[in-house]
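*Asks:* Next come a sequence and a model predicted from it.
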Amino acid sequence: MSFLRSTILPLVVALLVLTTPARALEKWFYQPTNLLIDKNVDQIEALWKRAAAAGYTHVLLADSKFTRLGEMNARYFHNVDRVKAIAARLNIEIVPALFPIGYSNDLLGRDPNLVEGPPVKDVPLVVRGGVAQVDDPEAPTLPGGDFRDLKKWTWKDGFIVADNGAARVSDAAGKNARIVQHLKVKPWRQYHVSVRIKTQDFQGTPMIKALPVKEDGRSLQWTNLDVKPTQDWTVHDVVFNSLGYDDVNLYFGMWPAGQGTLWWSDAKIEEVAFLNMTRRPGTPLVVKTADGKVLTEGKDFEPLSDPKMGRTPYAGEYDSWHEPPKLRTKLPDGTKLLASYYHAVTIYEHQAAMCLSEPKTYELLRDQAKRVVAAWGAKGYMMSHDELRVVNWCEACQSRHLTPGQMLADNVSRCVAIMHEAAPGARLYTWNDMFDPNHNAVPGPYYLVNGPFTGSWDGLPKDVTIMNWNSDKKDKSLQFFADRGNPQIIAGYYDSKPERIRDWLTAAKAVPGGVQGVMYTTWRNDYGQLEKFSVLVDEAVK
């Protein structure tokens, strides 16, 4: 019998492997929407009919309203029911997105003060006429900011030329076109930079960057300028925190430039205070006299907050610049003060990130989980941890003595626990990048993250499915999560050539277990390649 078992059993197993059909890949597509608008449900029905006919089985559904379902009316939930009925009829599984850790603006709309941001330390003020104003005689200036004499700048690329009181960039497509001023700044201060820009048929991306002279890969300013291809003279503003640096190079320019013509004019820099200042337990405001006596808010000076912080033009949106609030006091003129506080910063298109340590953050996450589960009753949910770019500055974070990676590991572990309580047995998903050492879970510097993101994956349970979009390092990324035992779905379209899914699926064959699905992931609401993508997937897995 032992001989039979040793010879026949392997043969039977081999036959089973050969005759068992390969597991069909799940086909997903990404659908952002606003279910408060009735016609969007009609558009969903038309698109989902196409998707079902093309073999799609799952939809990752995102709606900013998922962060504030408690404010939605009966019409909204009627539309939720309509969408669920459409999905049931077409046999498409809905996976709602929640927990916007990284792109947090929607949830921050419920409490803008929960935004993470760096400190300003001991900015000097002087009282004049009942208002404490910034008083730093060594604050930097831009003597060449009128651009009449470009020799006043530290250096420039040859494509920057003087033009009637402006600096012009033209015929520089594909080339660097920068003009730079070296500045002495004070560490942990807030600086406002403004400039006028005019364009004519310009296709590049103008930027203002504050880069430390000590080249360590850090940039202090990340907000886009939102310059139109053709515009008349328009003022653009950015603000940066000098962090721990005292020497920066301030860049106006493009690298590389694009087609068309752009003019810079009237560049200025000023030190400011209390702009986009946050007020929560983890971001205290401290005002003291020059000799160190701490003043009492509401007694020694009027209560201070920035009513426009995170509310411009609506809750959850953070602008780069507005007139800061004023510290008003009855202290005598000439009184010198020092103020310390924390302020919001944003990345690119005003992306804001929530604090990972403030207790109220987790109150909002638990509330969102409860409401989304009640509304959808889904089999799976997407934890939207993605491109977390501002971390570990406030007192709530610093007091934990953890790295950003350790904080994120703790956060995702807590988010999983919240979901297990709210929706026992539901499948959980998340993006790969913030838990991937081959992507954004890196030693840094990474944007405005204070410390390394390495080790973030330690808090990620193995049963969480990874939505992997790391196309540049797909082989290493797929292998990393396969080694950890996490199931994976390839976000293989990503508004690029649909044919790229072939390379993805080839790479997936080399890792244990392969992948369980693919996703048509469009951020442009472009579903023109939906059917083609499905056909390419079928051809690749034959």
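*Replies:* Cool, the structure landed. Predicted model, so just to flag it, every value in this text is computed and none were measured.

*Asks:* where do the helices sit along the chain?
*Replies:* 2-19, 38-53, 74-90, 105-108, 359-376, 395-398, 404-422, 474-484, 500-509, 530-541 (DSSP state H).

*Asks:* Show me what the longest one is packed up against.
*Replies:* With contacts defined as 3 or more Cβ pairs under 8 Å, 6 or more residues apart in numbering; DSSP states H and E, the secondary structure elements packing on helix 404-422 are helix 359-376, strand 380-383, strand 390-391, strand 427-431. Quick note: C-beta positions are derived from backbone N, CA and C, even for glycine.

*Asks:* Mean confidence (pLDDT) on that helix, please.
*Replies:* For helix 404-422, mean pLDDT is 98.

*Asks:* now the angle from that helix to strand 427-431?
*Replies:* Relative orientation of helix 404-422 and strand 427-431, computed by axes from the mean of the first three to the mean of the last three Cα atoms, to 10 degrees: 150 degrees.

*Asks:* got a list of contacts for helix 404-422?
*Replies:* With contact meaning Cβ atoms under 8 Å, 6 or more residues apart in numbering, helix 404-422 is reached by 99, 101, 356-357, 362, 365-366, 369-370, 373, 381, 383, 385, 388, 391-392, 397, 400, 402, 426, 428, 430, 434-435, 441, 449-461, 464.

*Asks:* The helices and strands packed on helix 404-422 into JSON lines, with extra columns for distance to Asn224 and mean neighbour count?
*Replies:* Shown next, in JSON lines, are these (distance: least, Cβ to Cβ, whole Å; neighbours: other Cβ atoms under 10 Å):
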{"stretch": "helix 359-376", "distance to Asn224": "26", "mean neighbour count": "18"}
{"stretch": "strand 380-383", "distance to Asn224": "27", "mean neighbour count": "22"}
{"stretch": "strand 390-391", "distance to Asn224": "15", "mean neighbour count": "27"}
{"stretch": "strand 427-431", "distance to Asn224": "22", "mean neighbour count": "21"}
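
*Asks:* nearest to Lys175, of those?
*Replies:* Proximity to Lys175, assessed across the helices and strands packed on helix 404-422 by Cβ to Cβ, is greatest for strand 390-391 (31.8 Å).

*Asks:* How far away from the center of its chain is that closest one?
*Replies:* Distance of strand 390-391 from its chain centroid, counting by Cα atoms, centre = their mean, to the nearest Å, is 10 Å.

*Asks:* hmm, back to that, make JSON lines from the helices and strands packed on helix 404-422 and add distance to Glu215 and mean pLDDT to it.
*Replies:* As requested, these are exported to JSON lines (distance: least, Cβ to Cβ, whole Å; pLDDT from 0 to 100):
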{"stretch": "helix 359-376", "distance to Glu215": "34", "mean pLDDT": "98"}
{"stretch": "strand 380-383", "distance to Glu215": "36", "mean pLDDT": "98"}
{"stretch": "strand 390-391", "distance to Glu215": "21", "mean pLDDT": "98"}
{"stretch": "strand 427-431", "distance to Glu215": "30", "mean pLDDT": "98"}
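
*Asks:* quick one: which of the ones you listed is nearest Pro143?
*Replies:* Nearest to Pro143, of the helices and strands packed on helix 404-422 and by Cβ to Cβ, is strand 390-391 at 32.3 Å.

*Asks:* Counting by contacts, list what that closest one packs against.
*Replies:* helix 404-422, strand 448-449.

*Asks:* and those, which is most packed in?
*Replies:* strand 448-449 (a mean of 24; mean count of other Cβ atoms under 10 Å).

*Asks:* still on that earlier bit, next, format the helices and strands packed on strand 390-391 as TSV and append distance to Val535.
*Replies:* Putting those into TSV (distance: least, Cβ to Cβ, whole Å) gives the following:
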stretch	distance to Val535
helix 404-422	35
strand 448-449	41
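
*Asks:* Let me see the contact set for the spatially closest residue to Trp469 that is not a sequence neighbour.
*Replies:* What sits nearest to Trp469 in space, not counting adjacent residues and going by Cβ to Cβ, 6 or more residues apart in numbering, is Ala491, at 3.9 Å. Listed by Cβ under 8 Å, 6+ apart, the contact set of Ala491 reads 30, 431, 467-469, 518-519, 521.

*Asks:* Break this structure into its domains for me.
*Replies:* 26-112+349-541, 117-348 (automatic domain parsing).

*Asks:* what separates the residue nearest to Met519 when sequence neighbours are not counted from Ala166, distance-wise?
*Replies:* Closest residue in space to Met519, ignoring its immediate chain neighbours: Trp28 at 3.7 Å, by Cβ to Cβ, 6+ apart. Per Cβ to Cβ, to the nearest Å, Trp28 is found 50 Å from Ala166.

*Asks:* out of those two, which sits in the more crowded spot?
*Replies:* In terms of neighbours (other Cβ atoms under 10 Å), Trp28 is the more surrounded of Trp28 and Ala166; the figures are 26 against 19.

*Asks:* The more buried one contacts Gly492, doesn't it?
*Replies:* No: the pair Trp28 and Gly492 does not pass the contact test of Cβ atoms under 8 Å, sitting 9.8 Å apart.

*Asks:* what is in contact with those two at once?
*Replies:* 518-520.

*Asks:* and which of the residues you listed is nearest Thr346?
*Replies:* Met519 (27.7 Å).

*Asks:* sorry, back to before: rank the helices of the chain by pLDDT, which is bottom?
*Replies:* helix 2-19 (a mean of 39).

*Asks:* now the contacts of Ala491 in CSV, with distance to Lys121?
*Replies:* As requested, the contacts of Ala491 are exported to CSV (distance: Cβ to Cβ, whole Å):
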residue, distance to Lys121
Tyr30, 42
Trp431, 34
Met467, 40
Asn468, 40
Trp469, 38
Val518, 49
Met519, 45
Thr521, 42
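
*Asks:* Of all pairs in those residues, which one is the farthest apart?
*Replies:* Pairwise over the contacts of Ala491, using Cβ to Cβ, the maximum falls at Trp431 and Val518, 14.8 Å.
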